[in-house]
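Peer 1: missing the sequence, but the structure's below:
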């Protein structure tokens with residue numbers, strides 16, 4: 001059974017840091033590109049960062065470049081997102097998923113990140 005369990009979110013002040021984790025199961029994690037997405041209230045879900053199966057190629061959305069770092073541990077089947085210099089506009093629910101989708105229309109519960117003073 002395919003499952004993504006996102007964790008590590010919380011309430012943080014502007015300029016603070018958080019480290020998100022996504023524990024994956026039910027498929028061969030090391031075969032897939034992994035992506036972090038986020039969805040703010042009233043907005044479409046958007047791509048934050050992606051990392052290929054080997055970890056050798058990484059891309060970031062312009063709005064997180066230089067602040068966020070994506071990484072993965074294929075042995076632990078876990079995806080990470082280190083978020084530094086957080087801004088109020090980073091407030092969103094953060095999700096992980098594969099590319100291509102390992103299971104159409106499936107998303108985990110996500111983890112809420114709130115950046116506020």
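Peer 2: Looks like it arrived, so ask away. This structure is a prediction, so every number in the text was calculated from the model and none was measured. Numbering: from 1, shown residues only.

Peer 1: in stretch 66-81, what's buried?
Peer 2: For stretch 66-81, a neighbour-count test (16 or more other C-beta atoms under 10 Å) marks 68-70, 72, 74, 77-81 as buried. Every residue, glycine included, has its C-beta placed from N, CA and C.

Peer 1: Quick check: of the residues you listed, which lies closest to residue 9?
Peer 2: If you rank these by distance to residue 9 using C-beta to C-beta, residue 81 comes first, at 10.1 Å.

Peer 1: thought the closest one was touching residue 95?
Peer 2: No. Between residue 81 and residue 95 no contact is recorded; they are 10.6 Å apart, counting by C-beta atoms under 8 Å.

Peer 1: Need the overlap of contacts for those two.
Peer 2: Jointly contacting residue 81 and residue 95 under the rule C-beta atoms under 8 Å, 6 or more residues apart in numbering are residue 36.

Peer 1: Please convert the buried residues of stretch 66-81 to a markdown table, extending it with pLDDT and secondary structure.
Peer 2: Below are these laid out as a markdown table (pLDDT from 0 to 100; DSSP: H, G, I helix; E, B strand; the rest coil):
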| residue | pLDDT | secondary structure |
| --- | --- | --- |
| 68 | 98 | strand |
| 69 | 98 | strand |
| 70 | 98 | strand |
| 72 | 97 | strand |
| 74 | 97 | coil |
| 77 | 98 | coil |
| 78 | 98 | strand |
| 79 | 98 | strand |
| 80 | 98 | strand |
| 81 | 98 | strand |
